[in-house]
Structure formats: C-alpha cells, structure tokens
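Chemist: sequence plus the predicted model coming up.
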Number of protein chains: 2
Amino acid sequence: MVKSMQVYEGKAKKVIPLDDGKVIMEFKDDATAFDGKKKAQFKGKGWLNAQISAVLFKVLEEKCVKTHFIGVAGDNRLIVERLKMYPLEVVVRNVVAGSLKKRLPIEEGRELPEPIVELYYKDDSLGDPMINHHHAKVLGISEGEIKEMERIALKVNEILKEYFAERGIILVDFKLEFGKNERGEIILGDEISPDTCRFWDAKTKKSLDKDVFRFDKGDLINAYEELYHRLTGEA
Amino acid sequence: MVKSMQVYEGKAKKVIPLDDGKVIMEFKDDATAFDGKKKAQFKGKGWLNAQISAVLFKVLEEKCVKTHFIGVAGDNRLIVERLKMYPLEVVVRNVVAGSLKKRLPIEEGRELPEPIVELYYKDDSLGDPMINHHHAKVLGISEGEIKEMERIALKVNEILKEYFAERGIILVDFKLEFGKNERGEIILGDEISPDTCRFWDAKTKKSLDKDVFRFDKGDLINAYEELYHRLTGEA
Ligand SMILES: Nc1ncnc2c1ncn2[C@@H]1O[C@H](COP(=O)(O)OP(=O)(O)O)[C@@H](O)[C@H]1O
Ligand SMILES: Nc1ncnc2c1ncn2[C@@H]1O[C@H](COP(=O)(O)OP(=O)(O)O)[C@@H](O)[C@H]1O
Ligand SMILES: [Mg+2]
Ligand SMILES: [Mg+2]
C-alpha cells in the first residue's frame, strides 16, 4: 500500500489516500466545538472514536447498509473505501437538543413524534448553514440523491436507535456524511462516534458524547470510555 | 358588516374579522425590519401596499391561482376571505440577495439556475427560523400540505416573474403566506407588496422595495410609488 495523492487533514481526522481506491482515516485526539472557537486535546479520544465507529459501521453492514468501512488498521486508524464526498451533513433527530431548540417551540429532552432529518451545507466560511433540497440542487446535488441519503439516514436511525436502546442509551441525534464510490453508489462515509452523535444514558440522561466537552459536563474520556464499554461489553 | 371576534394587529396590518367569513385587512404606514429592531412610519405606504397587493392578487386570480382577495374597501383596506393561516413563510428566490448570501457560496445579484423555495416558521420569539417539511410535520403541517404550498408558490413565481419582466422589473425574491378556507382548500393569503418582495429595476438594479428602508437606499415612498406606476401605467 503505497501512499499517493494528497493527505487531507480535517478538524478531527487525517485522510490518507492509498493507491487501491482505499483511504486510511486517522482519528486525532483534537476536539473542536462551536465552529472551531473552542478547542482542546484529549489523549485517547482518537482511539475511542475509531473503535466506536468500527463497531457501529459493522452493526450497519450486518443490516445491509452500505458503508465505506473496510477494517481497523491498528490503534486510531480505519481503512475505508475512498469516496467522492458530498459537501453535506445529514442530521437525524429523535429528541429535542442542540440547535433544534432554536428552530421549534419544543423544550430540550422532548421526544419527537417522528424523526426529523436536516441537511447542512458543509462550508466553514458560511458556518455550515441549514439548507433544503432546492439549495442542494444549486450546489449540484439532485433531489434524487438527497432522497436516497435521507432514506439511508432514516434506516441508520432505526437500526442504531434500537441497538443503543438495548444498551440503555438514548440516541438523541446524529450527523452522517455520504459520498459516491467509483461505481456511482451513494455510500455512508466519515465516522459515527460520540463526536458526531448525542447519546444520553436512558436512566440519568447523562451525556456520553461531545456535549461533555461543549458544555463542560465532566471528563470527556470517561464518558467516551463508558459508551465504548456499553457497546462492547468490556469492563 | 358587523364586526365580531378579535381584531389582530400585526407589524404591518390590522386584520378585522367580519361576520360573514370575510376579514378586512388594513395596511398600516408602519415599517419594521431586522426582526423589528428597525422601525419607522411612511405616510402613504399602507395605501400603496394595499393597492399593489390588489393588482397582483387580480393578476394571479386571472391565471387561476386561488387567493383570499375579494376586493378593495377604500384607501388602505382590502376585503379578503378569512383563512386559518399556517404559521409559515414560503419564500421563492430567483436571484441571490438577502439571507441567501449566507447560505450559498454565490454572490448577490447572480441569477439562480432554477428557483429556490424556502420555508420559515413564523415565530417572533425564535426569529422566524428556516425549517423543512420534517419540522413542519412536527408543527402539525403534513408533507402534502407543504408540497401544495410549494407548488402554488412556484406557479405564482412563474406568473409574477413574467408580469414584472414585461414592466422592466426583476422579481428577485418574495414571501407568501397561505391559509385554509372553510372548505379545507389551501389559499394564498396575506399580501404581495414591496414589503414582502424584492424588486429590482432591470436596467439599473435599483431596489423598488423594502430594502430601500432596510439599507437606507433613498426615499421609500418614491420607490413604492414608482413600482405602483409601473404596474398601473399611471403617471
Ligand atoms: N471514505 C471517504 N473518502 C474520502 N473522504 C472521506 C471519506 N469519509 C470521510 N471523508 C472526509 O474526510 C474528512 C474527515 O476529516 P474531518 O476531520 O472530520 O474533516 P472536517 O473538519 O472537514 O469535518 C471530511 O472532509 C470527510 O468528508
Ligand atoms: N385571509 C386571512 N385571514 C386571516 N388572517 C390572515 C389572512 N391573511 C393574512 N392573515 C394574517 O394576518 C396577519 C397580517 O398582519 P401582519 O401585520 O402582516 O402580521 P405579522 O406581523 O404577524 O406578519 C398575519 O398574521 C397573517 O398571517
Ligand atoms: Mg468532520
Ligand atoms: Mg406580516
């Protein structure tokens, strides 16, 4: 596996292209929040997010969701299929939290009567604004592609909601990113981790996700480790 | 016509219910912008907006768009069919201006390859946030209702874009409000005026709308009068 093409370094991961249509996704220990205004490092976060993502991608693959996941490449690295990413964040919400409080007159913690799907245009200089399928069309993404991403996102939600419920965890909301592979298929990419989801303990409603960092709710590594152990059953 | 029920006084109009399923919509001279932070009064604005709305509702009725418009009731008042309003603003855009500049990486004044429709939840305390049909569903508005409003909005756009083009005016964007009548039909309500649309002179790109007030671009009444005369052909 000889490295080629350009390495992309994002806020949370490095993406290292390989020659054979695959890429290495290396999870960093960096944490950022509020459009990068809040920053810190947490030793072990990269490893935890890589492992948790791997577990969740495997769960989804077993239920026939096509993901970019190929394997774990030691420590904080995954090997994934190289995708041409859509500049979109697809957010699914089951419970009111975060920015949804500013969009609907419903208080934090209320369960929604049905899931809400939101699209955001991934653009740091615009602050990742919310868009709809008309905007997406102008960005070169067809309504058919948007419908397919929303369909997959809702399926992912059904699978993961149940999976987490069985482990005493509420899947509050999460963000997905999609890309197209060489065969033109729309594939789930990026990561699924406590950096990109809200997880609440079903009993205590305690956050087991990046809100611990955003709102100084305690020790981030403790929270991510607890989540990891609940998924793997390891002590 | 005996008055009954409650008079609603909004930012730009008074809505006075009558006994027979109709309401009087009285246009005020007040102008507000930026969520009510900027305020002023312009003598004659109410009259102009009432007359311009009447002209445009008639244009739409002739092209088989169902509107609440019944007639002009002297000066700054219209008689309209009473509707149960949806708490929505349906915005259609042909050219990049206003908040769209913050949502897409396209500069002001660029024509869009096709119209964009946006939905906003009319709620002063939340600052009228943008929503999509999933949020609307949670607010009690079905996807079918949203589709119907978007369909009508795009039809209104086609009609008015052409109507204004013939008069040397670019219909940049506009906001519509819809309601349900007693028979359960979705009807175009509220107003269509320089308070709720962006109109640019096709040659000079000069604003003939509320942007004159928002951004201190000159005399508001002059601009609204010019628009009115271009529509009616009156000197
Ligand atoms: N399978 C993939 N192939 C190529 N790029 C990917 C793949 N999965 C995710 N990416 C992209 O890699 C980057 C991940 O790095 P990250 O630090 O999360 O970046 P960002 O700060 O842009 O969110 C993102 O731009 C994401 O879209
Ligand atoms: N046909 C109608 N029947 C009843 N209410 C209407 C009708 N058309 C418009 N409205 C409502 O009347 C009000 C118009 O007053 P306005 O000053 O524009 O209010 P706002 O400040 O809420 O926008 C709005 O709430 C609008 O939804
Ligand atoms: Mg990322
Ligand atoms: Mg109004």
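Modeler: Ah, there it is. Ligands and ions are numbered 1, 2, ... in the order given.
Chemist: chain A against ligand 2: which residues are in contact?
Modeler: Applying CB under 6 Å from any ligand atom, we find that chain A lies next to ligand 2 at no residue. For the C-beta atoms, the positions are set from N, CA and C on the backbone; glycine is no exception.
Chemist: show the pLDDT at whatever residue of chain A ends up closest to ligand 1.
Modeler: Closest approach between chain A and ligand 1, counting by CB to the nearest ligand atom: A:Gly10, at 2.1 Å. Here, the pLDDT recorded for A:Gly10 equals 93.
Chemist: could you check how far it is from B:Arg230?
Modeler: 51 Å (CB to CB, to the nearest Å).
Chemist: and those two? Which one has more around it.
Modeler: Neighbours per residue (other CB atoms under 10 Å in any protein chain shown) separate A:Gly10 from B:Arg230, with B:Arg230 holding more: 17 against 12.
Chemist: longest helix of chain A?
Modeler: Ranked by residue count, the top helix of chain A under DSSP state H comes out as helix A:143-165.
Chemist: restricting to C-alpha, output that one in CSV.
Modeler: C-alpha atoms of helix A:143-165 as CSV (Å, rounded to 0.1, in the frame of the first residue of the first chain):
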residue,chain,number,x,y,z
GLU,A,143,-33.3,15.7,-5.5
GLY,A,144,-32.9,12.0,-6.1
GLU,A,145,-29.5,11.9,-4.4
ILE,A,146,-30.9,13.9,-1.4
LYS,A,147,-33.9,11.4,-1.2
GLU,A,148,-31.5,8.5,-1.2
MET,A,149,-29.3,10.0,1.5
GLU,A,150,-32.4,10.8,3.6
ARG,A,151,-33.7,7.2,3.1
ILE,A,152,-30.4,5.7,4.2
ALA,A,153,-30.2,8.1,7.2
LEU,A,154,-33.6,7.1,8.4
LYS,A,155,-32.7,3.4,8.1
VAL,A,156,-29.5,4.0,10.0
ASN,A,157,-31.6,5.7,12.7
GLU,A,158,-33.9,2.8,13.0
ILE,A,159,-31.0,0.4,13.4
LEU,A,160,-28.9,2.4,15.8
LYS,A,161,-31.9,3.6,17.9
GLU,A,162,-32.7,0.0,18.7
TYR,A,163,-29.1,-1.0,19.1
PHE,A,164,-28.5,1.7,21.6
ALA,A,165,-31.8,1.3,23.4
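Chemist: hmm, back to that, next one: the residue of chain A closest to ligand 1 from B:Asn157, what distance?
Modeler: 39 Å.
Chemist: do A:Asp219 as well
Modeler: A:Asp219 is 54 Å from B:Asn157, by CB to CB.
Chemist: could you do A:Met149 as well?
Modeler: From A:Met149 to B:Asn157 the distance is 27 Å (CB to CB).
Chemist: these two: which has the busier surroundings?
Modeler: Neighbour count, other CB under 10 Å: between A:Met149 and B:Asn157, A:Met149 has more, with 22 against 19.
Chemist: for that one, what are its contacts?
Modeler: A:Tyr86, A:Leu88, A:Val90, A:Leu176, A:Phe178, A:Ile186 (CB atoms under 8 Å, 6 or more residues apart in numbering or on different chains).
Chemist: just A:Asp128 next, same as before
Modeler: Contacts of A:Asp128 by CB under 8 Å, 6+ apart are A:Asp35, A:Glu89, A:Tyr120, A:Tyr121, A:Lys122.
Chemist: ok, and the most crowded of those?
Modeler: Within those, neighbour counts (other CB under 10 Å) peak at A:Tyr121, which reaches 21 neighbours.
Chemist: for that one, name its beta-bridge partners.
Modeler: Residues in a beta bridge with A:Tyr121, per DSSP bridges, are A:Leu88.
Chemist: same question for stretch A:185-201: list its buried residues.
Modeler: A:186-201 (16 or more other CB atoms under 10 Å in any protein chain shown).
Chemist: could you see whether ligand 1 lies near it?
Modeler: Yes: under the criterion of CB under 6 Å from any ligand atom, ligand 1 is reached by stretch A:185-201 at A:Gly189, A:Asp190.
Chemist: tabulate the contacts of A:Asp128 (CSV), appending distance to ligand 1 and pLDDT.
Modeler: Shown next, in CSV, are these (distance: CB to the nearest ligand atom, whole Å; pLDDT from 0 to 100):
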residue, distance to ligand 1, pLDDT
A:Asp35, 11, 87
A:Glu89, 9, 98
A:Tyr120, 11, 98
A:Tyr121, 12, 98
A:Lys122, 7, 97
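Chemist: for stretch A:117-124, which outside residues touch it?
Modeler: Contacts for stretch A:117-124 (CB under 8 Å, 6+ apart): A:35-36, A:87-93, A:128-133, A:135-136, A:139, A:146, A:150, A:153-154, A:177, B:103-105, B:132, B:134.
Chemist: right, I mislabeled it, should have said stretch A:175-182
Modeler: By CB under 8 Å, 6+ apart, stretch A:175-182 touches A:21, A:68, A:81-86, A:88-92, A:122, A:149, A:152-153, A:156, A:186-190, A:192, A:196-197.
Chemist: tell me which residues touch A:Ser207, please.
Modeler: A:Arg198, A:Phe199, A:Trp200, A:Phe215, A:Lys217, A:Ala223.
Chemist: find the nearest non-adjacent residue to A:Ile70, please.
Modeler: Excluding the flanking residues, the one nearest A:Ile70 by CB to CB, 6 or more residues apart in numbering or on different chains is A:Ile79, at 4.5 Å.
Chemist: show me what the one you found is bridged to.
Modeler: Beta-bridge partners of A:Ile79, as defined by DSSP bridges: A:Ile24, A:Gly71.
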